[in-house]
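Q: turn this into a model:
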Amino acid sequence: MNLELSLISIIDVLSVSTALMLGFLFLTVKSNNKRANLFLGLFLWSLTIEILGTVSQGFSEEFNIGQSTVLFTIPLLLLYVNQTVNNTQKKWYALLFIPGVSINVLDYLGADMEIFVFFDYIFNISILVYILKILKKHKDNVSNFYSDLEHKTLSWIKTIAYIYLGFHLLWIIEDIVSIKNEDIIEHFADLSSILTFFMVYWIGYNGFSQSEIFKNKLFVVIEKEKISENETNDAFDKRKKEFMRLKERIETEKLYTNRELNLRNLSETLQIRERELSKLINEHTKNNFYQFINGFRVTEFKKLLNSPKAKQLSILGLSEEAGFSSKSTFYAAFKTLEGITPKQYESSLKTSDCK
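A: Sure, this is the predicted structure:
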């Protein structure tokens, strides 16, 4: 057995040890999101075995542990995503583990595995596309529930999905290229090691910087109700008056200045069902909850910028007074509504005052 110390081998060792440690942390952490963390921990351990399987191919055949979990890793990621966004775990998801079990049994029995060379690519890519579809729907749902989307859209998981799609593209090219030129394969393997290293530490980074995701079930899906085409004008007018009443209360009581505001606590304050409130906002503003509430906050910020408080607080301080809880949400909402940044808006006010 030949062990060569190189930059890539060090990267592989770091990836294995970190994935193993993070998997243990997610499996043992006490939280309200324990089931999701269980799937994430198993995903990391499955990934660890995959890395070891790849590394062991460079050693003797007796030491080679193969790719025993290659068809388990992505399904575990799907279960984690589905649990995190509070979707119901469908019973047929259990069937996703049958291919992995079957191929491992066939491999153990000494069957010719060449016939399955492209099966794992098709299988995993299909699940990754499905994961991206879930994340897209989830992004729409959280916009209808939260007024601050920071750390809630799960964009870091989307990054992982795209990295995995990149992996599979590399591996497919590798299998095609290796027929003519085996020397190029080493470069593909090195790139895969680097991407794996990045992905493992990306998960770790988000685990520490966005710890609330791993401790609580943050995301609530609000099912939209279809508006009947046969609805009478009286019913529509009645709902419009109800919406205007609620909107006036939000404005006069400045409920939007609550930085933790979401659909649930607003519906409790207004004493109206979440689903009905979401329906009224979508129907009468053509916006989601996120856009609706942050519209009030941008207006409030502009008022504060013309008030004595502007001399006491910074732009970010004023944005917090208006209800924004993060700089990124504030800047994104302001730029969307005003077409310029808050700093540019402030400068324009100073310029007009000097004239």
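Q: surely residue 261 meets residue 147?
A: Yes: the pair residue 261 / residue 147 is scored as a contact, 4.9 Å apart, by CB atoms under 8 Å. Where C-beta positions appear, they are placed from N, C-alpha and C, glycine not excepted.
Q: now for the two: what residues contact both?
A: 293, 323 (CB atoms under 8 Å, 6 or more residues apart in numbering).
Q: residue contacts, residue 78?
A: By CB under 8 Å, 6+ apart, the contact set of residue 78 is 93, 96, 127, 130, 131, 134.
Q: what is the helix or strand that contains the fourth one packed up against?
A: Using DSSP states H and E, residue 130 sits in helix 119-143. Counting by 3 or more CB pairs under 8 Å, 6 or more residues apart in numbering; DSSP states H and E, the packing neighbours recorded for helix 119-143 are helix 73-84, helix 98-108, helix 155-177, helix 289-305.
Q: by how many degrees do the shortest one and helix 73-84 diverge?
A: Put plainly, it is helix 98-108. 160 degrees (axes from the mean of the first three to the mean of the last three CA atoms, to 10 degrees).
Q: which parts of helix 98-108 are buried?
A: By neighbour count with 16 or more other CB atoms under 10 Å, helix 98-108 contains the buried residues 99, 100, 103, 104.
Q: again, but for stretch 112-124
A: Neighbour-count burial for stretch 112-124 [16+ other CB under 10 Å]: 116, 120, 123, 124.
Q: OK, contacts around the spatially most central residue of the chain?
A: Closest to where the C-alpha atoms of the chain average out (CA atoms, centre = their mean) is residue 154, at 1.3 Å. Each residue near residue 154 by CB under 8 Å, 6+ apart is listed here: 81, 84, 85, 135, 138, 139, 213.
Q: got JSON lines for these, with distance to residue 301 too?
A: Output for the contacts of residue 154, formatted as JSON lines (distance: CB to CB, whole Å):
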{"residue": "81", "distance to residue 301": "35"}
{"residue": "84", "distance to residue 301": "32"}
{"residue": "85", "distance to residue 301": "31"}
{"residue": "135", "distance to residue 301": "30"}
{"residue": "138", "distance to residue 301": "28"}
{"residue": "139", "distance to residue 301": "25"}
{"residue": "213", "distance to residue 301": "28"}
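Q: between those residues, which sits nearest residue 300?
A: Among those, residue 139 lies closest to residue 300 (CB to CB), at 25.7 Å.
Q: what about the residue nearest to residue 325 when sequence neighbours are not counted, neighbour count?
A: Nearest residue to residue 325, sequence neighbours excluded (CB to CB, 6 or more residues apart in numbering): residue 259, at 3.9 Å. Each residue near residue 259 was counted by other CB atoms under 10 Å, and the total is 16.
Q: and residue 259, that one's in a strand?
A: No: using DSSP: H, G, I helix; E, B strand; the rest coil, the assignment for residue 259 is coil, not a strand.
Q: list the contacts of it.
A: With CB under 8 Å, 6+ apart, residue 259 has these contacts: 148, 320, 323, 324, 325.
Q: look up how far residue 319 lies from it.
A: Applying CB to CB, to the nearest Å, the value for residue 259 to residue 319 is 10 Å.
Q: and what of residue 150?
A: 13 Å.
Q: residue 187 too?
A: In terms of CB to CB, residue 187 sits 48 Å off from residue 319.
Q: give me the more crowded residue out of these two.
A: Using other CB under 10 Å as the criterion, residue 187 and residue 319 rank with residue 319 on top: 26 against 12.
Q: isn't that one right up against residue 302?
A: No: look at residue 319 against residue 302 with CB under 8 Å: they stay out of range, at 10.8 Å.
Q: can you list contacts of the helix holding residue 130?
A: So helix 119-143 is contacted by 70-71, 73-75, 77-78, 81-82, 85, 87, 96, 99, 103, 149, 152-154, 157-158, 161, 164-165, 168, 171-172, 219-222, 288-291 (CB under 8 Å, 6+ apart).
Q: PyMOL command to pick out the buried ones of the residues you listed?
A: The following PyMOL line selects those of the contacts of helix 119-143 that are buried, judged by 16+ other CB under 10 Å:
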select buried, resi 70+71+73+74+75+77+78+81+82+85+96+99+103+149+152+153+154+157+158+161+164+168+171+219+220+222+288+289+290+291
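Q: show me the contacts for residue 204.
A: Taking CB under 8 Å, 6+ apart as the definition, contacts of residue 204 comprise 18, 22.
Q: how is this structure partitioned into domains?
A: Here the domain parsing of the chain from automatic domain parsing is 7-215, 233-354.
Q: any chance of those domains in CSV, plus mean pLDDT?
A: Converted to CSV, the domains of the chain look like this (pLDDT from 0 to 100):
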stretch, mean pLDDT
domain 7-215, 82
domain 233-354, 91
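Q: re the thing from before, out of the contacts of residue 154, the closest to residue 254 would be?
A: residue 139 (28.0 Å).
Q: distance of that closest one relative to residue 155?
A: According to CB to CB, residue 139 stands 8 Å off from residue 155.
Q: who's more crowded, these two?
A: Legend: neighbour count by other CB under 10 Å for residue 139 and residue 155, higher for residue 139 (16 against 12).
Q: next, the buried residues of the strand or helix carrying residue 197.
A: Take DSSP H and E as the rule and residue 197 turns out to sit in helix 185-209. By neighbour count on 16+ other CB under 10 Å, the buried set for helix 185-209 is 188-189, 192-193, 195-197, 199-200, 203-204, 206-207.
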